[in-house]
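**Student:** A predicted structure for the sequence below; I have some questions about it.
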Amino acid sequence: MLKRKILHDLLVWKQNPERLCLLVKGARQVGKTFIIRRFAEENYKYFVEINFVENPAYSTIFNGDMDVETLIKQISLRVPRVELVPGETLIFLDEIQLCPRARAALKFLASDKRFDVIASGSMLGINYEDVPSYPVGYVDQLEMHSLDFEEFLWANGIQSSSIADIKDYFDNHETVPLAMHERMMELFKEYIIVGGMPRVVQSFVTSHNFATVLRLQKGIIADYTDDIAKYAKGAEKTKARACFLSIPKHLSKDYKKFQYSLVEKGGTSRKFGGSLMWLYDAGIINFCHNLAAPELPLEGNAKSDTFKVYMRDTGLLMAMLEDGSQEDIIDGNLGIYKGAIYENIIADIFTKSGKKLYYYEKNNKIEIDFFIRRNKAATAVEVKSADNTKSKSLNALMQHYGVKYGIKLSSKNIGKTENVESFPLYMAMFL
C-alpha cells in the first residue's frame, strides 16, 4: 500500500473544529478516491460514498430541496445500507463535477455540521452557471498530485531515516557517499520513467517491468484524450487535444517558450489560449512564466503572455515519446532531449512542493531554467543533463543583472564555487 502525504493533510482538516466541507481536486488517476476511502476507514465509524460515475442516478438525491433534512432522507432512501450518525459519519461525494447541484449542497452541509463531507473531482466539465448558490466560503480545498519523489522513494522501500540522512548532507553541504549517491541517481532516473501515477508506481515496485509501466501510462494518456472529448466543449475539443499532443514537440526546442505556431501553423493565443488553460485546470500541465526582471517578487515580475509548458507527470511525458526512450534515459542516450526531460522533472518536483514556476530569458542569449525564492533572495536554478555543468547564462546573469545566488542541479555530487551551489538532481526535493 502506497504511503501518501495527503493523509496527513486530511487528518489536519478533520482535527480543525471549524472545518468546512473539503474539496479534493486533482487530475484523473492520481488516487483521490482510494486515499479518501482509506482515510474514512481509519478515522470514521460510518462512511457513505456517493459516486456519480458508478451510479449516475445518485444525482437525483440533489434534484429537490437542498435543506439537510431533505438530503438525509434522500440519501437514506437511495444509498443501500447507509448509516448517518451525527459526529461519526463521513459523506464522500466522488466525481462531484458530474453533479453541479451537489456542489451547491456543500453550503448547506457545511452550515449544518452534523456530518463531515469530502468531495472529490477533477473539476472538468463544471459549468459554474449551472451551480445554484455557489458555496463560496463554505469549502476548503486540497490539490492532490501524483506521487512526489519522496513518496516514490518510500514506495521503493527507502526509509524516512535514509532520506533524512541525505537531507543532512544537503543541509551541511557535505559530499554524499558514492554508493548512496549512485543509488539515489538510479532511483531518480527510474522516477523520471515511471512518474508518480499510483497504479503505475504500484505495478513498478511489484514487478519492475518497464513494459507494463509503459502500457499503463499509455492507457492514462488515452484516458486524458477521452476526457478532452468528453468535457471540452465544441471546437475546444480539437484545440485542447492539439495543444496536449504538441507538448513533447515544444520541449524538444532549445528555446522552449510555448509557441502557438507549433500547435498549428498560424496559431495564435486568441485561438489556443483557452485550450491551454483547460489542460491546466485538468491537472495535466504546468505553466512556467518568464520574468520581466530576475528579482523579487517573482510573481510580480512574471509575464502572463510568455511561458513554457511542462507535463505535470514526467512519466506520462516519457510515454508520449517513441518506444525506447525509457531505456535511453537509463543509458544516457537521449542527446539534447535529455535536457528537456530533466527540466520537466524538476518542474514537477517544484510544483508538488508548492512552488510556482518561473524562468528568465533575455534576447535569446540568456536563459535560466528556473527561479525560486530561497533565503529571501531571487535564486537562479540551472538544470544540467550533461557532465559539463558550466553555464554561460548563469555567469552573465550574476555579473551583469544583480543576481547574487545560483544553484546547479546535475548528476554530480555536492559542490560550491563562490555564490553558486551544486547539488545532485535528486536533492531538488529539499529546495
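**Tutor:** Cool, the structure landed. Numbering: from 1, shown residues only.

**Student:** in the stretch 151-300 of the chain, which spans are helices?
**Tutor:** Here the stretch 151-300 of the chain has its helices, by DSSP state H, counting those that start in this stretch, at 160-172, 178-194, 198-207, 210-231, 236-251, 260-263, 269-281, 298-301.

**Student:** Tell me which of these sits nearest to Val53.
**Tutor:** Closest to Val53 of the helices of the stretch 151-300 of the chain is helix 210-231 (C-beta to C-beta; 11.3 Å). For every residue, glycine as well, the C-beta is placed using N, CA and C.

**Student:** in that closest one, what counts as buried?
**Tutor:** By 16 or more other C-beta atoms under 10 Å, the buried positions in helix 210-231 come out as Val213, Leu214, Leu216, Gln217, Ile220, Ile221, Tyr224, Asp227, Ile228, Tyr231.

**Student:** With stretch 310-329 instead?
**Tutor:** By neighbour count on 16+ other C-beta under 10 Å, the buried set for stretch 310-329 is 310-321, 325-326, 328-329.

**Student:** Ok, stretch 424-431 next?
**Tutor:** Applying a neighbour-count criterion of 16+ other C-beta under 10 Å, one finds Pro424, Leu425, Tyr426, Met427, Ala428, Met429, Leu431 buried in stretch 424-431.

**Student:** pLDDT and secondary structure added to those residues, as a markdown table?
**Tutor:** Converted to a markdown table, these look like this (pLDDT from 0 to 100; DSSP: H, G, I helix; E, B strand; the rest coil):
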| residue | pLDDT | secondary structure |
| --- | --- | --- |
| Pro424 | 97 | strand |
| Leu425 | 97 | helix |
| Tyr426 | 98 | helix |
| Met427 | 98 | helix |
| Ala428 | 98 | helix |
| Met429 | 97 | helix |
| Leu431 | 95 | coil |
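
**Student:** Going by distance to Phe204, which of those wins?
**Tutor:** Nearest to Phe204 among the buried residues of stretch 424-431 is Tyr426, at 17.2 Å by C-beta to C-beta.

**Student:** isn't that closest one right up against Met184?
**Tutor:** Yes - assessed by C-beta atoms under 8 Å, Tyr426 is found in contact with Met184 at 4.6 Å.

**Student:** Adding distance to Ser120 and mean pLDDT, write the helices of the stretch 151-300 of the chain out as JSON lines.
**Tutor:** Output for the helices of the stretch 151-300 of the chain, formatted as JSON lines (distance: least, C-beta to C-beta, whole Å; pLDDT from 0 to 100):
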{"stretch": "helix 160-172", "distance to Ser120": "27", "mean pLDDT": "98"}
{"stretch": "helix 178-194", "distance to Ser120": "24", "mean pLDDT": "97"}
{"stretch": "helix 198-207", "distance to Ser120": "14", "mean pLDDT": "97"}
{"stretch": "helix 210-231", "distance to Ser120": "15", "mean pLDDT": "91"}
{"stretch": "helix 236-251", "distance to Ser120": "22", "mean pLDDT": "89"}
{"stretch": "helix 260-263", "distance to Ser120": "31", "mean pLDDT": "88"}
{"stretch": "helix 269-281", "distance to Ser120": "15", "mean pLDDT": "89"}
{"stretch": "helix 298-301", "distance to Ser120": "28", "mean pLDDT": "97"}
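
**Student:** Distance to Ala377 added to these, as JSON lines?
**Tutor:** Listed next are the helices of the stretch 151-300 of the chain as JSON lines, based on distance: least, C-beta to C-beta, whole Å:
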{"stretch": "helix 160-172", "distance to Ala377": "18"}
{"stretch": "helix 178-194", "distance to Ala377": "27"}
{"stretch": "helix 198-207", "distance to Ala377": "35"}
{"stretch": "helix 210-231", "distance to Ala377": "38"}
{"stretch": "helix 236-251", "distance to Ala377": "29"}
{"stretch": "helix 260-263", "distance to Ala377": "34"}
{"stretch": "helix 269-281", "distance to Ala377": "28"}
{"stretch": "helix 298-301", "distance to Ala377": "11"}
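
**Student:** and of these, who's closest to Ser410?
**Tutor:** Closest to Ser410 of those, according to C-beta to C-beta: helix 178-194, at 10.1 Å.

**Student:** could you say what helices and strands the closest one packs with?
**Tutor:** Where contact means 3 or more C-beta pairs under 8 Å, 6 or more residues apart in numbering; DSSP states H and E, helix 178-194 is packed against helix 149-155, helix 160-172, helix 198-207, helix 210-231, helix 314-320, helix 325-331, helix 337-352, strand 420-424.

**Student:** okay, the ones you listed in JSON lines with distance to Arg19 next?
**Tutor:** Shown next, in JSON lines, are the helices and strands packed on helix 178-194 (distance: least, C-beta to C-beta, whole Å):
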{"stretch": "helix 149-155", "distance to Arg19": "25"}
{"stretch": "helix 160-172", "distance to Arg19": "28"}
{"stretch": "helix 198-207", "distance to Arg19": "26"}
{"stretch": "helix 210-231", "distance to Arg19": "30"}
{"stretch": "helix 314-320", "distance to Arg19": "33"}
{"stretch": "helix 325-331", "distance to Arg19": "43"}
{"stretch": "helix 337-352", "distance to Arg19": "24"}
{"stretch": "strand 420-424", "distance to Arg19": "38"}
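
**Student:** do you know which of the ones you listed lies nearest Lys256?
**Tutor:** Among these, the nearest to Lys256 by C-beta to C-beta is helix 337-352 (7.2 Å).

**Student:** Give me the residues contacting the closest one.
**Tutor:** 145, 148-149, 188, 191-192, 196, 251-252, 256, 286, 288, 310-314, 317-318, 321, 328-329, 332, 334, 357, 369-370, 372, 381, 383-386, 409, 425, 428-429, 431 (C-beta atoms under 8 Å, 6 or more residues apart in numbering).

**Student:** surely Ala378 meets Gly300?
**Tutor:** No - contact criterion C-beta under 8 Å: Ala378 and Gly300 do not qualify, at 11.2 Å.

**Student:** Which of those two has more residues huddled nearby?
**Tutor:** Ala378 (23 against 10; other C-beta atoms under 10 Å).

**Student:** which SS state does that one fall under?
**Tutor:** Judged by DSSP: H, G, I helix; E, B strand; the rest coil, the three-state class of Ala378 is strand.

**Student:** That one and Glu295, how far apart?
**Tutor:** 5 Å (C-beta to C-beta, to the nearest Å).

**Student:** any common contacting residues for those two?
**Tutor:** With C-beta under 8 Å, 6+ apart, Ala378 and Glu295 have common neighbours Val403.

**Student:** how about Lys303, what does it touch?
**Tutor:** Contacts for Lys303 (C-beta under 8 Å, 6+ apart) come out as His289, Asn290, Leu291, Ala292.
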